[in-house]
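J.: sequence plus predicted model, see below.
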Amino acid sequence: MTDASSRTKSGKNRLDLHIIRRIVEYLRPYSVWVGVALVSVLATSFLGPLIPKLVQVTIDEEIVAGDVDGIRRMIMLLIGVLAAESVLSFVNAYLTQWIGQQAIYDLRTRVYRHIQRQSLRFFDGQPIGRLITRATSDVESLSQVLSAGLVTILGDLFKIFFIAWFMFSLNWQLALVTISVMPLMLYATFWFKRKVRDAYRDTRAQVARLNAFMQEHVSGMRIVQLFGREEEEMRRFEAVNDDHRQAHVRTIFYFALFWPAIDLVSSIALGLVIWYGGLSAMTSTLTVGVLIAFIQYARQFFEPMRNLSDQFNTLQSAMAGAERIFDLLDTDASIPEASEPVALGTARGRIEFRDVWFSYDTDAQMGDAHAEWVLKGVSFLVEPGQSLAIVGATGAGKTTIISLLLRFYDIQAGDILVDGKSIRDVRLGELRDQIGLVLQDVFLFSGTIRENITLGHEGLGGDGQNGAGMGDAAVERAIDTIGARPFVDRLAGGLDHEVRERGALLSHGQRQLVSFARALVHNPRILVLDEATSSVDTETEEVIQRALRRLMEGRTTIAIAHRLSTVQHADQILVMHHGEIRERGSHQELLRLDGMYRRLYELQYSDQAA
């Protein structure tokens, strides 16, 4: 073996031990119960090998001597041992499964919490299907290991030790004959380990790839059908599915070789015991009781060996899943919180951008001529209660400004302040509590209309302040204020109407009204609107515009819009172009400038007139 391959192998072993230690960490909160389980496993591991010993004593001492009372006592003792083993096996099975499910619950919760903490930059580079695989099937692959795997492995090791101890105490020569096949067993096991580990790693990767493909194409089924891509996407799916099948078949191939090899080795050991023990019994150097006990021990000895191989199979699958889970947990792209955050309190709503530079490239630095800057030295100020509109062509950086204000991303240079405090110094939760976001593509969760409005924030009072609870009165008032009452009353169940995934059965305008009610009932001091009135008909736009005016009252508002008719009454309008502010002012001031804004306005006006 070369030095390089030796280093690679030792590196894998260290990695395996490191992963196992991290898996075991999730059992630490239940260490007392793990201790109880280990004691029960230790007792069960001793009682099983004790039975052949009792059989040997019964034959060689009681039956040979013709002691009926002694036989009766031994039979009662055997029954007692079997009963105790059964009870302990039940306790051990239930307890280990309970411990494992608690640990899996903790791990899955941690994975989901970790995903929630990540910035949007993290999700930009992660297929959603892959993340779902991490939180579901990859975590589930650890279930058997945490439920019973590790404890069962220890139990099987204890059982092997006790069997070996009993065998050597009875006849060390026959014991050596029994375990003489161990080199074959170890060779088969280590060969299997090397092969199946790579196969399982590939299988887990293919499962993630399959889930990602399914999630993406089911979500985009409308486009697939619209452009007649069914056959092409079917061919791509068959290719992905075939890769998954082949990876899984490889694991089956190794199991198909491994299990017969183990059975063959155990059969060889049993044959050696019968051959050597039979010859010894014929020459009276071995009693019949010892021979019968050794036949039982030969079968018992390879049973935990087979179990260990089976557990090793489970462990390999778990290790492949654990690698991917811990790789996710070790990847932290979350927005850093200030070590000593500044309290924002109840925000007044003053927003200031100071020479803000931003690029989606995390390696971009000031002065880098090759950096792709989305915002270039952007500065503006919005006083409390004022409204700011941002217009410009697609890709000008309008939506990026909103993402930075909500601190979905961190800027490379400059500063963003709310009420004179840098948002980097304010807790993320406190900052976002003060901002209500209404997007063009409204996301609704599965649940009722009421649940989509409150979002589970039962700690808010009817006026949106912390109080007795977000009751029905607050929700009803929000619905009436934004003019959504006719739409809600037409729904079966009203506010308790069940919304399908993403609100697919509601119109775009109806989803927008729900999002307005959501923003109003949470009473943010800062309101952010991203194309909130696009993609709706004129009648619906009038309803939404009335709702917007009520929603904007007394709040600092930043609105992004393509329709200039919706921003004419803004206190200030910014015209963005290639990441820079080219023009700023009120609607009339910008028209008098006779620049980009006027050209955009005249273009839209001529389209409307036509």
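T.: Nice, I can see it.

J.: pLDDT wise, what is Gly461 at?
T.: On pLDDT, Gly461 comes in at 44.

J.: got a list of contacts for stretch 491-510?
T.: Stretch 491-510 is contacted by residues 442-450, 452-453, 472, 475-476, 479, 487-488, 511, 514, 535-537, 540, 543-544 when judged by Cβ atoms under 8 Å, 6 or more residues apart in numbering. For every residue, glycine as well, the C-beta is placed using N, CA and C.

J.: any idea how far Asp156 is from the nearest residue to Ile23 once chain neighbours are set aside?
T.: Excluding the flanking residues, the one nearest Ile23 by Cβ to Cβ, 6 or more residues apart in numbering is Ala322, at 5.9 Å. Distance, Ala322 to Asp156, by Cβ to Cβ, to the nearest Å: 21 Å.

J.: next one: Glu232
T.: For Glu232, the distance to Asp156 - Cβ to Cβ - is 51 Å.

J.: more crowded one of the two?
T.: Asp156 (21 against 11; other Cβ atoms under 10 Å).

J.: can you tell me the helix or strand for the more buried one?
T.: helix 150-170 (DSSP states H and E).

J.: show me what that helix is in contact with.
T.: 23-24, 27, 34, 37-38, 41-42, 44-46, 48-50, 52-53, 56, 92, 96, 99, 174-175, 178-179, 290, 293-294, 297, 300-301, 304-305, 307-308, 311, 315.

J.: restricted to helices, list the residues you listed.
T.: Using DSSP state H, the members of the contacts of helix 150-170 that fall in helices are 23-24, 34, 37-38, 41-42, 44-46, 48-50, 52-53, 56, 92, 96, 99, 174-175, 178, 290, 293-294, 297, 300-301, 304-305, 307-308, 311, 315.

J.: could you identify the buried members of these?
T.: 23, 34, 37-38, 41-42, 44-46, 48-50, 52-53, 56, 92, 96, 99, 174-175, 178, 290, 293-294, 297, 300-301, 304-305, 307-308, 311, 315 (16 or more other Cβ atoms under 10 Å).

J.: before we move on, what SS does the residue nearest to Ser515 when sequence neighbours are not counted have?
T.: Using Cβ to Cβ, 6+ apart and skipping the chain neighbours, the partner closest in space to Ser515 is Val442 (4.5 Å). Put simply, Val442 is coil when judged by DSSP: H, G, I helix; E, B strand; the rest coil.

J.: show me the helices in the stretch 451-600 of the chain, by range?
T.: 472-481, 485-490, 508-522, 538-552, 587-593, 596-609 (DSSP state H, counting those that start in this stretch).

J.: show me where pLDDT drops low in the stretch 101-250 of the chain?
T.: Applying pLDDT under 70 to the stretch 101-250 of the chain picks out residues 148-149, 222, 226-227.

J.: just the helices in it please.
T.: Under DSSP H, counting those that start in this stretch, the stretch 101-250 of the chain gives helices at 120-124, 128-133, 139-140, 143-144, 150-170, 172-178, 182-219, 221-226, 230-282.

J.: and the angle for the last one with helix 150-170?
T.: For helix 230-282 and helix 150-170, the angle between their directions (axes from the mean of the first three to the mean of the last three Cα atoms, to 10 degrees) works out to 20 degrees.

J.: for helix 230-282, packing partners?
T.: On a contact count with 3 or more Cβ pairs under 8 Å, 6 or more residues apart in numbering; DSSP states H and E, helix 230-282 meets helix 172-178, helix 182-219, helix 288-330.

J.: that helix vs helix 182-219, what angle?
T.: Using the same axes, to 10 degrees: helix 230-282 against helix 182-219 is 160 degrees.

J.: which residue lies nearest the spatial centre of this protein?
T.: Ala135 (2.6 Å; Cα atoms, centre = their mean).

J.: tell me the contacts of it?
T.: Here Ala135 is in contact with 108, 111-112, 115 (criterion: Cβ under 8 Å, 6+ apart).

J.: same check on Leu42?
T.: Per Cβ under 8 Å, 6+ apart, neighbours of Leu42: 155, 158.

J.: what distance do you get for it to Ala492?
T.: 61 Å.

J.: Gly35 too?
T.: From Gly35 to Ala492 the distance is 55 Å (Cβ to Cβ).

J.: show me which of the two is the more surrounded one.
T.: Each of Gly35 and Ala492 has its neighbours counted (other Cβ under 10 Å); Gly35 has more, 10 against 7.

J.: just the pLDDT for the more buried one.
T.: The model's pLDDT for Gly35 equals 87.

J.: list the contacts for the closest residue to Arg201 other than its chain neighbours?
T.: Using Cβ to Cβ, 6+ apart and skipping residues adjacent in sequence, the residue nearest Arg201 is Ala320, 4.4 Å away. By Cβ under 8 Å, 6+ apart, the contact list for Ala320 reads 141, 197, 200-201, 203-204.

J.: swap in 10 Å and give it another go.
T.: By Cβ atoms under 10 Å, 6 or more residues apart in numbering, the residues touching Ala320 are 19, 138, 141, 196-205.

J.: I'd like those residues as a markdown table, with distance to Arg599 and neighbour count appended.
T.: Formatted as a markdown table, the contacts of Ala320 follow (distance: Cβ to Cβ, whole Å; neighbours: other Cβ atoms under 10 Å):
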| residue | distance to Arg599 | neighbour count |
| --- | --- | --- |
| Ile19 | 61 | 18 |
| Asp138 | 53 | 26 |
| Ser141 | 59 | 23 |
| Val196 | 67 | 22 |
| Arg197 | 64 | 20 |
| Asp198 | 62 | 15 |
| Ala199 | 62 | 22 |
| Tyr200 | 61 | 25 |
| Arg201 | 58 | 18 |
| Asp202 | 57 | 18 |
| Thr203 | 58 | 22 |
| Arg204 | 55 | 23 |
| Ala205 | 52 | 17 |
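
J.: and the gap between Leu131 and Ile482?
T.: For Leu131 relative to Ile482 (Cβ to Cβ), the value is 34 Å.

J.: more neighbours, those two?
T.: Each of Leu131 and Ile482 has its neighbours counted (other Cβ under 10 Å); Ile482 has more, 25 against 21.

J.: pretty sure the more buried one contacts Leu548?
T.: Yes. Using Cβ atoms under 10 Å, Ile482 is in contact with Leu548, at 8.5 Å.

J.: so for the two, which residues contact both of them?
T.: Joint contacts of Ile482 and Leu548 (Cβ under 10 Å, 6+ apart) are 512, 516.

J.: returning to what we had before: select, out of the helices of the stretch 101-250 of the chain, the one closest to Tyr597.
T.: helix 120-124 (29.7 Å; Cβ to Cβ).

J.: what sits up against the closest one?
T.: Residues contacting helix 120-124 (Cβ under 10 Å, 6+ apart): 115, 131, 328, 331-335, 360, 362, 403, 406-410.

J.: same thing but 6 Å
T.: 333, 408-409 (Cβ atoms under 6 Å, 6 or more residues apart in numbering).

J.: so of those residues, which ones are in helices?
T.: Among these, no member lies in helices (by DSSP H).

J.: from these, which single one is nearest Ser219?
T.: Phe408 (21.0 Å).

J.: now the residue nearest to the closest one when sequence neighbours are not counted: how far from Ala413?
T.: The shortest distance from Phe408 to any non-neighbouring residue, by Cβ to Cβ, 6+ apart, is to Leu120 (4.3 Å). Counting by Cβ to Cβ, the separation of Leu120 from Ala413 is 19 Å.
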